[in-house]
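Chemist: missing the sequence, but the structure's below:
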């Protein structure tokens, strides 16, 4: 698909992969809007990136999402690409000190229900565009869980499964469905994970842009390609290898 001249919304776009993606797509002559819960992060992102737009929005709050859609329709004529990037990544000691019910619910809301709800609300507008796309950012951990982050891994497996169904249901429409499955990326979110092979956000973004341009349905940068293959050939071996130090 064409990766220029779109109006794009990126959730969780104030830092990490989201912000790196926003900068790269701005450079491709797109109008890019980021959203997130942290206004300070959004202000810092827009302050250092000329041309970037931002809307504060908690994607787990339906009222805030409805307000954001109104602002996008009124100020930007709607969007043609939705990138579901926002996520929570929490360590979860199932036997010892677990997470509260509220923490678990929040992770499920942001990682799974948030993207599904956004797709439900944006899809009617996307289907009116001559060319449109939805990009769901899951993870290589959708194939093999990082057991110290069991809920996160499970949510990404859910996003992967949902994306397959979404793509099948929208087959033949003008809305293309992509899935980006990054490996662990060298960002603040995963700073405490003791695994080698973390990649820079730019590596993931370059793979994403190439995948979009070439209509690659599942985009697996870095170690995610190996996780995909090993999860099918030797699932027990790769599960133990991935989790031996975490």
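Modeler: Nice, I can see it. Just so we're clear, the structure is a prediction, and the values are computed from it rather than from any experiment.

Chemist: Assign residue 149 to helix, strand or coil.
Modeler: helix (DSSP: H, G, I helix; E, B strand; the rest coil).

Chemist: Residue 18: how many residues sit nearby?
Modeler: Number of residues near residue 18 (other C-beta atoms under 10 Å) recorded here: 26. All C-beta spots, glycine's among them, are computed from the backbone N, C-alpha and C.

Chemist: Does anything pack onto the host helix or strand of it? Which helices or strands?
Modeler: Assigned by DSSP states H and E, residue 18 belongs to helix 16-26. Packing partners of helix 16-26 (3 or more C-beta pairs under 8 Å, 6 or more residues apart in numbering; DSSP states H and E): strand 7-11, strand 31-36, helix 201-213.

Chemist: So for that helix, mean pLDDT?
Modeler: Averaged across helix 16-26, pLDDT comes to 96.

Chemist: how far is it from where the chain is centred?
Modeler: Distance of helix 16-26 from the chain centroid (C-alpha atoms, centre = their mean, to the nearest Å) equals 12 Å.

Chemist: tell me which residues in that helix are buried?
Modeler: Along helix 16-26, these residues count as buried under the neighbour rule (16 or more other C-beta atoms under 10 Å): 16-26.

Chemist: How about residues contacting it?
Modeler: Contacts to helix 16-26, defined as C-beta atoms under 8 Å, 6 or more residues apart in numbering, come from residues 3, 6, 8, 10-13, 32, 34, 36, 45, 49, 51-52, 83, 85-86, 137, 182, 185, 187-189, 201-202, 204-206, 208-209.

Chemist: the helices in this protein, which residues?
Modeler: For the chain, applying DSSP state H gives helices covering 16-26, 39-48, 62-76, 101-108, 114-126, 150-169, 201-213, 224-233, 235-242.

Chemist: how much does the last one deviate in direction from helix 224-233?
Modeler: The directions of helix 235-242 and helix 224-233 differ by 140 degrees, with axes from the mean of the first three to the mean of the last three C-alpha atoms, to 10 degrees as the criterion.

Chemist: Which positions in helix 235-242 come out as buried?
Modeler: Within helix 235-242, the residues that count as buried by 16+ other C-beta under 10 Å are 238-239, 242.

Chemist: just the buried members of the contacts of helix 16-26?
Modeler: Buried members of the contacts of helix 16-26, scored by 16+ other C-beta under 10 Å, are 3, 6, 8, 10-13, 32, 34, 36, 45, 49, 52, 83, 85-86, 137, 182, 185, 187, 189, 201, 204-205, 208-209.
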